[in-house]
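> Would you be able to build a 3D model of this:
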Amino acid sequence: MTVGAVSYLAGFFAYLFLSALLLVSWRGNLIGRSLILASAVTMIWCAVLALQETYLFFSVAFIWSIEIVRTYVWLLFLGKLFSPLKDTGTGPRSTTAKSINRGVHLAVGVQTTYVWISPLLEESFPDVFRPAFQLCGHVLLALIGLVLVEQYFRNIRTDLRWRVKFLCFALGGMFAYDFYLYSDALLFQRINAELWVARGAVSALLPPLFIVSAARNPQWSVDVFVSRQVVFHSVTLLGAGVYLLLMATAGYYIKTYGGEWGAIAQIVFLVGAFLLLALLLFSGQMRAHIRVFLNKNFFNYAYDYREEWLRIITTLSDTGSGLPLEERVIVALGQAVESPSGVLWVRASNGHFVWRASFGEPKLDVPLIDRGDVVVRYMEDKAWIVNLPEMLVMPEAYDGLSWPGWVESASDAWLLVPLFQQKQQMLGLMLLTRPRTPIHWNWEVIDLLKTSGRLAASYLALEDAGRALAEARQFEGFNRLSAFIIHDLKNLIAQLSLVVRNAERHHNNPEFMRDAIKTVDHAVGKMSRLMSQLKNSGSVQSERVIDLGELVGEVLASRKVQAPIPTCDMFRQRILVRANRDRLASSFEHIIQNAQDAAGKNGRVRVRMRLDQNGHAEVEIEDNGQGMDEEFIRTRLFKPFETTKGVTGMGIGAYESREYIRSLGGDLSVRSEPGERTLFCFSIPIVTNSDELALNEVNSA
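Okay, here's the model as predicted:
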């Protein structure tokens, strides 16, 4: 494959990519259609010339014709660009544009006609005039193209030139190259082979400029998206390639002309060049310079807001980064403006702003900022970012503010960014240090920082709310434990009070004395266990296999001190359950005591124990008291701190009992008939034979 074929193949693939990209992005506008047509014809032109360089397939007339068609479609595209200018009255007059278009059509028509009829005129015109006339036509078309490009750029509004400057560079370069090629051929009566071969590779350089222009002109209805990351990495790689090429060339000359030390100097030079390249590629400042340059010169806006927003959200929510949220907030906002460090203050309960975090190496140590500080009040009232260097040179733009005293020690201070959670409610403020590379301070930067600041404030407020909720839950758990302990102590006091009251009448009764001693012993044991729980409040209470019948018997014995004394129908077989002995006994004791209180001294309390069909043990506690209606059972009975006993009750016994039984996989149900009776039924899962074996092993140990 010849060099010329490779050159034009490069152009073919470049315009193939451009045509495909424009085609999938086209939205029906005439300008967009003209650009797609011009790109497609240029792609075909490159393919034809690549084949011609290799196989000489086509006639000379056909080659000249495809040259004319390729130039013609680009001139048509330029003519379409003039239409919106004359429609808005900002460009050439309509008559001038029409005259140019007519001239283009006439020149192309004459040139094409001459190409095909010239073989028939060989006898009438000497050979010396035919090529000259043909080359003059191509020079004229290229000159028309240059004039149109110049007129288009001159007549477009100054504030809109940034949109089309790359298009004008591309078209101007294409027509200028053609003008030079054919002028040289006209002057020397032959086409320069090197210029002709290089033409394909030169054409391959132009599609990126067309893509940028299409992206900057949405009115063409070609919605081309140019990835900033792709452009950034492409420019970086291209720059690295050019750098390496220059260094290789310099190394070659060092070796060639370095004499005795040439080879050694070449090695040292190339190693140093590679080290310098590595330093530049990994330099944050250099990358920032490239990014700012590309954003200012290749894109409509300074930021790709979709990518920027995703980056900020990802940074703020990245709990796996090892940085606390406060530092992630500084990083998220700092990266948006290439700031390497910053400090964050958050409003405390007294309204002052206290230091919360810093990132990087800011030269500032201010633990607290007074809420009455004039700069703070300005930011809160105006909801505005303070650019400190700008404030020094333009104090009138900041209501005459002066440099705040608490920032004097920070020579690299740059921005003070307010963080608003809601309108006119400043949650905090942030100081950002000077960027790695100068940033063009405009509305885009301000809006991005203000919006990002609101998002960061929301994250900070959510974090503070989570901390407050965690603390509230800790206090809630502590208060709940205290309430349960007070409830148990109240029951113990009630039992001991009954013993004291009955001692005057029954102190000579040996049976009473035995029951009293058992009650006191039970109270001492329970209080000791309560003290142990308080000392080890963080430890998990152990559960083990216990004999349910034995436990119920112990609870009934402890409740004999209060009338009516409960009776019991015990299940004859041994029933084993897995539970914490004290908590299960406390649950039974709460319900039995409530039944005794409801039945009164002359009432009846009955306890039954049995097995159901689902492998659960049932313990029923029934009394013939006043009973409860369905509404009370449904809405109030198991609601904590709801009681019908006035100041003597706490309303947590039934709630605690049901919650613990449910934690065992069982349930506590209630059936009641107002004025007749109430039945509480404990349903507790029984253990398997393997659990019973474990119990025997523990008991034998």
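
> Against which helices or strands is the one helix or strand Ile592 maps to packed?
Under the criterion of DSSP states H and E, Ile592 resides in helix 581-599. In this structure, helix 581-599 packs against helix 443-506, strand 544-547, helix 548-558, strand 605-611, strand 616-623, helix 653-663, strand 677-685, with contacts taken as 3 or more Cβ pairs under 8 Å, 6 or more residues apart in numbering; DSSP states H and E. For every residue, glycine as well, the C-beta is placed using N, CA and C.

> any chance of those in CSV, plus distance to Thr71, mean neighbour count and mean pLDDT?
Shown next, in CSV, are those (distance: least, Cβ to Cβ, whole Å; neighbours: other Cβ atoms under 10 Å; pLDDT from 0 to 100):
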stretch, distance to Thr71, mean neighbour count, mean pLDDT
helix 443-506, 40, 15, 77
strand 544-547, 96, 16, 89
helix 548-558, 101, 19, 88
strand 605-611, 101, 19, 91
strand 616-623, 94, 21, 92
helix 653-663, 87, 19, 85
strand 677-685, 91, 20, 93
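
> Tell me if I am right that Leu364 is in a strand.
No: counting by DSSP: H, G, I helix; E, B strand; the rest coil, Leu364 is not part of a strand but coil.

> Tell me how many other residues crowd the residue nearest to Asn602 when sequence neighbours are not counted.
Spatial nearest neighbour of Asn602, excluding adjacent residues (Cβ to Cβ, 6 or more residues apart in numbering): Pro564 at 7.2 Å. Other residues near Pro564 come to 18 when the count uses other Cβ atoms under 10 Å.

> residues contacting Thr519?
Thr519 makes contact with Gln495, Leu496, Val499, Ser558, Val561, according to Cβ atoms under 8 Å, 6 or more residues apart in numbering.

> where's the nearest residue to the second one once chain neighbours are set aside relative to Asp488, distance?
Pointing back at Leu496 there. Closest residue in space to Leu496, ignoring its immediate chain neighbours: Ala523 at 5.8 Å, by Cβ to Cβ, 6+ apart. Distance, Ala523 to Asp488, using Cβ to Cβ, to the nearest Å: 10 Å.

> what's the answer for Gln495, then?
For Gln495, the distance to Asp488 - Cβ to Cβ - is 11 Å.

> what's around Ala176, how many residues?
15.

> Look up the closest residue to it, ignoring the ones flanking it.
Leu146 (6.4 Å).

> Show the contacting residues for the one you found.
Residues counted as contacts of Leu146 (Cβ under 8 Å, 6+ apart) are Gly172, Phe175, Ala176, Phe179.

> can I assume the last one is in contact with Ile144?
No: here Phe179 lies out of contact with Ile144, judged by Cβ atoms under 8 Å, at a distance of 10.1 Å.

> about what we covered before: tilt between the host helix or strand of the residue nearest to Leu496 and helix 443-506?
Assigned by DSSP H and E, Ala523 belongs to helix 510-535. Angle between the axes of helix 510-535 and helix 443-506 is 160 degrees (criterion: axes from the mean of the first three to the mean of the last three Cα atoms, to 10 degrees).

> Okay, angle between helix 510-535 and helix 581-599 too, please.
Using the same axes, to 10 degrees: helix 510-535 against helix 581-599 is 130 degrees.

> what about helix 510-535, distance to the chain center?
Offset of helix 510-535 from its chain centre (Cα atoms, centre = their mean, to the nearest Å): 60 Å.

> What average pLDDT does it get?
What helix 510-535 shows for mean pLDDT is 75.

> Contacts for the helix or strand harbouring Arg328 next, please.
According to DSSP H and E, Arg328 maps onto helix 325-336. With Cβ under 8 Å, 6+ apart as the test, helix 325-336 has contacts from 303, 308, 311-312, 315-316, 318, 321, 323, 339-344, 346, 356-360, 417, 419, 430, 432, 445, 448-449, 452-453, 456, 459-460, 463.

> The same query, at a cut-off of 7 Å, please.
Residues outside helix 325-336 that contact it (Cβ atoms under 7 Å, 6 or more residues apart in numbering): 308, 312, 315-316, 318, 321, 340, 342, 344, 356-357, 359, 417, 430, 432, 448-449, 452-453, 456, 459-460, 463.

> Specify the next element, helix or strand, located C-terminal of it.
Downstream of helix 325-336 (by DSSP H and E), the next one is strand 342-347.

> Just the CA trace of the helix or strand just after that following strand, in PDB.
Reading on from strand 342-347 to the C-terminus, the next helix or strand found by DSSP H and E is strand 353-359. Output in PDB follows, covering the C-alpha atoms of strand 353-359 (Å, rounded to 0.1, in the frame of the first residue of the first chain):
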ATOM      1  CA  PHE A 353     -19.800  28.800  63.900                       C
ATOM      2  CA  VAL A 354     -17.400  26.300  65.300                       C
ATOM      3  CA  TRP A 355     -14.600  24.500  63.600                       C
ATOM      4  CA  ARG A 356     -15.600  21.100  62.300                       C
ATOM      5  CA  ALA A 357     -13.000  19.900  59.900                       C
ATOM      6  CA  SER A 358     -10.100  20.900  57.600                       C
ATOM      7  CA  PHE A 359      -8.500  19.200  54.600                       C
END
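
> before we move on, the earlier item: you'd agree the residue nearest to Asn602 is up against Arg606?
No: counting by Cβ atoms under 7 Å, Arg606 is not a contact partner of Pro564; they are 9.7 Å apart.

> Roughly how far does Ser497 sit from Gln151?
Distance from Ser497 to Gln151, counting by Cβ to Cβ: 109 Å.

> Can you tell me the SS state at Met426?
Per three-state DSSP, Met426 ends up strand.

> Check the spacing between Gln134 and Ile63 real quick.
Distance from Gln134 to Ile63, by Cβ to Cβ: 11 Å.

> Those two: which has the busier surroundings?
Gln134 (21 against 15).

> Am I right that the more buried one falls within a helix?
Yes: assigned with three-state DSSP, Gln134 falls within a helix.

> With just CA atoms, put the helix holding Arg328 into CSV.
Extracted C-alpha coordinates of helix 325-336, given in CSV (Å, rounded to 0.1, in the frame of the first residue of the first chain):
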residue,chain,number,x,y,z
LEU,A,325,-18.3,13.5,55.9
GLU,A,326,-17.0,17.0,56.9
GLU,A,327,-13.7,16.4,55.0
ARG,A,328,-15.6,14.9,52.0
VAL,A,329,-17.6,18.1,51.8
ILE,A,330,-14.4,20.1,51.5
VAL,A,331,-13.0,17.8,48.9
ALA,A,332,-16.2,17.8,46.8
LEU,A,333,-16.5,21.6,46.6
GLY,A,334,-12.7,22.1,46.3
GLN,A,335,-12.4,19.8,43.4
ALA,A,336,-15.0,21.8,41.5
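
> Next, the buried residues of that helix.
Leu325, Glu326, Glu327, Arg328, Val329, Ile330, Val331, Ala332, Leu333, Gly334, Gln335, Ala336 (16 or more other Cβ atoms under 10 Å).

> any chance of those in a markdown table, plus pLDDT and distance to Arg610?
Below are the buried residues of helix 325-336 laid out as a markdown table (pLDDT from 0 to 100; distance: Cβ to Cβ, whole Å):
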| residue | pLDDT | distance to Arg610 |
| --- | --- | --- |
| Leu325 | 90 | 57 |
| Glu326 | 90 | 61 |
| Glu327 | 91 | 63 |
| Arg328 | 92 | 61 |
| Val329 | 92 | 63 |
| Ile330 | 92 | 67 |
| Val331 | 91 | 66 |
| Ala332 | 91 | 65 |
| Leu333 | 91 | 68 |
| Gly334 | 89 | 71 |
| Gln335 | 86 | 70 |
| Ala336 | 85 | 71 |
